[in-house]
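Undergrad: Model the following, please.
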Amino acid sequence: MTEIGEVLAALADPTRRQLLDVLADAGQASATTLAGQLPVSRQAVVKHLNVLESAGLVSGGRSGREVLYRVRPEAIEESARWLTELAASWDRRLNMLKRIAEQA
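TA: As a prediction, this is how the structure comes out:
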């Protein structure tokens, strides 16, 4: 199970979000292919992919001499569920406050 904090920290970087978007569109791609579509070096892409992989957002697998990466949506879905629950909790609290304020 992935830590939501790791997912949110990984997604905080705009380059990593862009990398995820490109990778999601491609289905799977190597770091070299991804670097050709982003304004960063291959080495920077590899570092970003390592962070995304540690957070459970991507996985890499060997295909010959290359490592092909693909998006793992489970970590994003888990984080989205948590954020939805958090938003609902705050909505309940704010509604309770509103009712109290209207009764005063």
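Undergrad: any idea how far L38 is from P73?
TA: 21 Å (C-beta to C-beta, to the nearest Å). Quick note: C-beta positions are derived from backbone N, CA and C, even for glycine.
Undergrad: the more surrounded of those two?
TA: Between L38 and P73, L38 has the larger neighbour count (other C-beta atoms under 10 Å), namely 16 against 11.
Undergrad: Distance check, the more buried one against E77.
TA: Separation of L38 from E77 (C-beta to C-beta): 25 Å.
Undergrad: try H48
TA: With C-beta to C-beta as the criterion, H48 and E77 are 21 Å apart.
Undergrad: same deal with R99?
TA: In terms of C-beta to C-beta, R99 sits 33 Å off from E77.
Undergrad: Same check on Q18?
TA: 20 Å.
Undergrad: Looking at these two, which has the bigger crowd around it?
TA: Q18 (16 against 10).
Undergrad: Need the contact partners of the helix or strand hosting the more buried one.
TA: For Q18, the element it lies in under DSSP states H and E is helix 14-26. With C-beta atoms under 8 Å, 6 or more residues apart in numbering as the test, helix 14-26 has contacts from 10-11, 29, 33-34, 37-38, 40, 44-45, 48-49, 51-52, 57-58, 69-71.
Undergrad: Tell me where the chain has strands.
TA: For the chain, the strands defined by DSSP state E cover 29-30, 58-63, 66-71.
Undergrad: just the helices in the protein please.
TA: 4-11, 14-26, 31-35, 42-54, 73-103 (DSSP state H).
Undergrad: what would those helices look like in TSV with mean pLDDT?
TA: Supplementary listing: the helices of the chain in TSV, determined by pLDDT from 0 to 100:
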stretch	mean pLDDT
helix 4-11	91
helix 14-26	96
helix 31-35	95
helix 42-54	96
helix 73-103	88
